[in-house]
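In: Build me a model from this:
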Amino acid sequence: MKVLKMAFTSRSVALRLASKLNNVRGQSVGGRFGRLREFGGVGHRVNVTSLGVGLTQESSGGGHGGTSSVFGRAMMVAGAAITTIGSLGGFASCDEAVAPVREVETLETVASPAESSSSSHNNNIHEVSPVPYRQRSDVWGTTRGLKVFSGNSNVTLAQEMAVFLQTKLGKAHIGRFADGEVNCTVRENVRGKDVYIVQSTCMPVNENLMELLLMVSTMRRSSARRITAVIPYYGYARQDRKMTARTPISAADVARLLEAMGVDRVVAIDLHCGQIQGFFGPRVPVDNLDGGVIGVSYFGNYDLHNPVVVSPDAGGVYRAKKFREGLAVKHDLDPGLAMIIKQRVKANEVERMDLVGNVEDSDVIIVDDIIDTAGTLCKAAEVLKEYGARRVFAFASHGLFNGPANARLAKSELTEVVVLDTIPLSEESKANPKIRQLSIAHVLAQAIQNIHSKKSVSALFK
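Out: Prediction:
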């Protein structure tokens with residue numbers, strides 16, 4: 001009796017649902033329950049008649065045939081209810097009656113320029129076919145729930161990254177109060193979102209650093225799900241150890257400040273030294289991206305004669321070696337490797353440079369991470385010329401060009417100085433014909449996409 005009650009209850013519910021559709025009115029839900037029904041373009045065949053009949057026939061020889069027959073009829077009635085509900089889109093089939101069908105989310109595709117031009121004869125309307133969620137492109141699949149914001153240090157780079165990610169920069173106001181204090185206001189909802197804040201801590205260093213700290217704090221207090229600080233140039237990185245007594249380790253102190261504000265991850269380009277990653281705790285992973293891949297692609301397509309990669313000091317040998325390997329693997333070159341050793345003859349006396357390696361009749365590429373006042377770089381170019389180098393180029397990830405840097409470069413033996421756009425160039429640097437800036441936006445955008453979609457970041461540089 002309980003089975004009958006449940007069956008008739010399901011049948012009545014199905015009838016009430018079916019009566020709401022015009023094409024169902026007047027039709028009998030009973031009868032041949034196994035036939036194909038189509039309501040609103042959705043059709044399902046549920047063969048439950050055989051199930052009920054089979055139960056009835058199987059028990060007809062026993063003493064309790066009547067009870068089993070009633071049970072079989074109850075199954076037939078329940079099957080009719082399932083059939084009606086299934087044809088309304090509630091169930092996919094009888095076997096999946098307990099699992100409601102999830103409506104597939106669709107996304108309209110964007111017409112390519114060629115398709116748009118070919119459809120212009122049809123009143124400039126391009127018919128767009130829906131794409132199932134499982135068939136979305138990688139970009140759309142990995143940028144859902146992602147927000148990119150920028151401070152005032154490098155808005156152009158952040159905008160280029162947003163273009164590669166097929167999104168827009170988040171709405172935020174980073175200004176100043178009358179007394180010079182930083183005023184940070186986020187003007188859109190970030191609750192439950194993965195937020196990426198793009199901010200280089202370049203000049204003015206303290207202003208940009210404070211903007212970054214307050215933006216992280218604002219996102220944390222606004223209930224962002226995860227906050228990643230994208231710091232193309234990490235300021236205070238050169239103060240990574242105690243050089244003399246009673247001095248701070250500023251690179252570690254900046255890391256502690258970011259952790260205290262609530263950052264979850266840090267992405268940087270060519271940290272001055274890899275140990276800075278260890279200044280953050282284990283709960284804040286740091287991705288130190290290799291900006292040298294951009295320089296490798298640039299100089300790999302350059303017409304170089306007998307190229308040699310040179311490190312300006314002993315600490316940069318590993319960086320120069322990776323640059324050389326990139327030229328050899330990706331561009332089928334066989335560059336040499338050399339190193340300049342700085343020596344100080346006496347205290348308060350001009351330092352002297354010695355070369356380890358051969359650069360005679362070679363095009364030389366000096367590889368470094370930072371160009372500040374360019375004093376060491378220009379002197380290294382002079383030494384290399386003295387040792388017989390044909391042309392001297394320089395590549396660095398971060399071009400600060402402070403103080404007399406531009407004047408020194410203009411008068412130097414350097415043919416060209418190539419830097420990345422981790423730091424925006426001043427007007428004076430833009431006017432310098434020897435300085436060329438390359439974009440790192442697509443590398444940072446791809447790293448953000450991989451982080452957001454939980455893919456490997458190191459795979460980008462293999």
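In: going forward, measure contacts between C-alpha atoms and count neighbours the same way
Out: Noted.
In: Please tell me the pLDDT value assigned to residue 143.
Out: Looking at residue 143, its pLDDT reads 71.
In: mind listing what residue 397 touches?
Out: Listed by Cα atoms under 8 Å, 6 or more residues apart in numbering, the contact set of residue 397 reads 269-270, 291-292, 368-370, 419-420, 422.
In: Residue 304 now?
Out: By Cα under 8 Å, 6+ apart, residue 304 lies in contact with residue 363.
In: for residue 228, same thing?
Out: Residue 228 is in contact with 194-197, 263-267, counting by Cα under 8 Å, 6+ apart.
In: Could you do residue 208 as well?
Out: Residues near residue 208 by Cα under 8 Å, 6+ apart: 151-153, 199-202.
In: export the host helix or strand of it as PDB, just CAs?
Out: Residue 208 belongs to helix 205-221 when assigned by DSSP states H and E. In PDB, the C-alpha atoms belonging to helix 205-221 read as follows (Å, rounded to 0.1, in the frame of the first residue of the first chain):
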ATOM      1  CA  VAL A 205      59.600  53.500  -4.100                       C
ATOM      2  CA  ASN A 206      57.900  54.200  -0.800                       C
ATOM      3  CA  GLU A 207      54.800  55.700  -2.400                       C
ATOM      4  CA  ASN A 208      54.300  52.600  -4.700                       C
ATOM      5  CA  LEU A 209      55.000  50.200  -1.800                       C
ATOM      6  CA  MET A 210      52.400  51.900   0.400                       C
ATOM      7  CA  GLU A 211      49.900  51.700  -2.500                       C
ATOM      8  CA  LEU A 212      50.500  48.000  -2.800                       C
ATOM      9  CA  LEU A 213      50.200  47.300   0.900                       C
ATOM     10  CA  LEU A 214      46.900  49.200   1.200                       C
ATOM     11  CA  MET A 215      45.500  47.600  -1.900                       C
ATOM     12  CA  VAL A 216      46.200  44.200  -0.500                       C
ATOM     13  CA  SER A 217      44.600  45.200   2.800                       C
ATOM     14  CA  THR A 218      41.600  46.600   1.000                       C
ATOM     15  CA  MET A 219      41.000  43.400  -0.900                       C
ATOM     16  CA  ARG A 220      41.400  41.300   2.200                       C
ATOM     17  CA  ARG A 221      38.900  43.400   4.100                       C
END
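In: Would you mind listing the buried residues in it?
Out: 207-209, 211-220 (16 or more other Cα atoms under 10 Å).
In: Among the contacts of residue 397, which lie within helices?
Out: Counting by DSSP state H, the part of the contacts of residue 397 found in helices is residue 292.
In: thinking again about what came up before, just the mean pLDDT for the helix holding residue 208, thanks.
Out: 97.
In: So what are the sheet partners of whatever helix or strand comes next after that helix and their directions?
Out: From helix 205-221 onward toward the C-terminus, using DSSP H and E, the following helix or strand is strand 226-231. The sheet places strand 226-231 alongside strand 194-198 (parallel), strand 265-269 (parallel), with pairing taken from DSSP bridges.
In: Can you tell me which of those is nearest to residue 411?
Out: Closest approach to residue 411 among the strands paired with strand 226-231 is made by strand 265-269 (29.1 Å; Cα to Cα).
In: Only the buried residues of that closest one, if you could.
Out: For strand 265-269, burial by neighbour count (16+ other Cα under 10 Å) applies to 265-269.
In: pLDDT and distance to residue 364 added to the residues you listed, as TSV?
Out: Formatted as TSV, the buried residues of strand 265-269 follow (pLDDT from 0 to 100; distance: Cα to Cα, whole Å):
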residue	pLDDT	distance to residue 364
265	98	37
266	98	34
267	98	31
268	97	27
269	97	24
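In: For residue 307, state which of those residues is nearest.
Out: residue 269 (25.3 Å).
In: Any figure for the gap between the closest one and residue 403?
Out: Residue 269 sits 23 Å away from residue 403, going by Cα to Cα, to the nearest Å.
In: Likewise for residue 386?
Out: From residue 386 across to residue 403, the span is 26 Å (Cα to Cα).
In: One more: residue 450?
Out: Separation of residue 450 from residue 403 (Cα to Cα) stands at 38 Å.
In: The two: which is more packed in?
Out: Taking other Cα atoms under 10 Å, residue 450 and residue 403 do not tie; residue 450 has more neighbours (20 against 11).
In: Return the closest of the buried residues of helix 205-221 with respect to residue 179.
Out: Nearest to residue 179 among the buried residues of helix 205-221 is residue 207, at 13.4 Å by Cα to Cα.
In: residues touching that closest one, list them.
Out: By Cα under 8 Å, 6+ apart, no residues touch residue 207.
In: Once you drop chain neighbours, what's closest to residue 248?
Out: residue 242 (6.5 Å; Cα to Cα, 6 or more residues apart in numbering).
In: The one you found: how many residues sit nearby?
Out: Neighbour tally, residue 242, other Cα under 10 Å: 11.
In: rewinding a little: which of the contacts of residue 397 lies closest to residue 236?
Out: residue 370 (12.2 Å).
In: would you list every one of the helices in the protein?
Out: Listed in chain order, the helices of the chain (DSSP H) span 2-18, 49-58, 65-87, 113-118, 138-142, 155-164, 205-221, 250-261, 292-300, 317-331, 375-386, 405-411, 427-430, 441-452.
In: mean confidence for the shortest one?
Out: Averaged across helix 427-430, pLDDT comes to 95.
In: List the buried residues in that helix.
Out: Quick answer for helix 427-430 (16+ other Cα under 10 Å): residue 429.
In: Show me what that helix is packed against.
Out: Contact analysis of helix 427-430 by 3 or more Cα pairs under 8 Å, 6 or more residues apart in numbering; DSSP states H and E lists no helix or strand as a packing neighbour.
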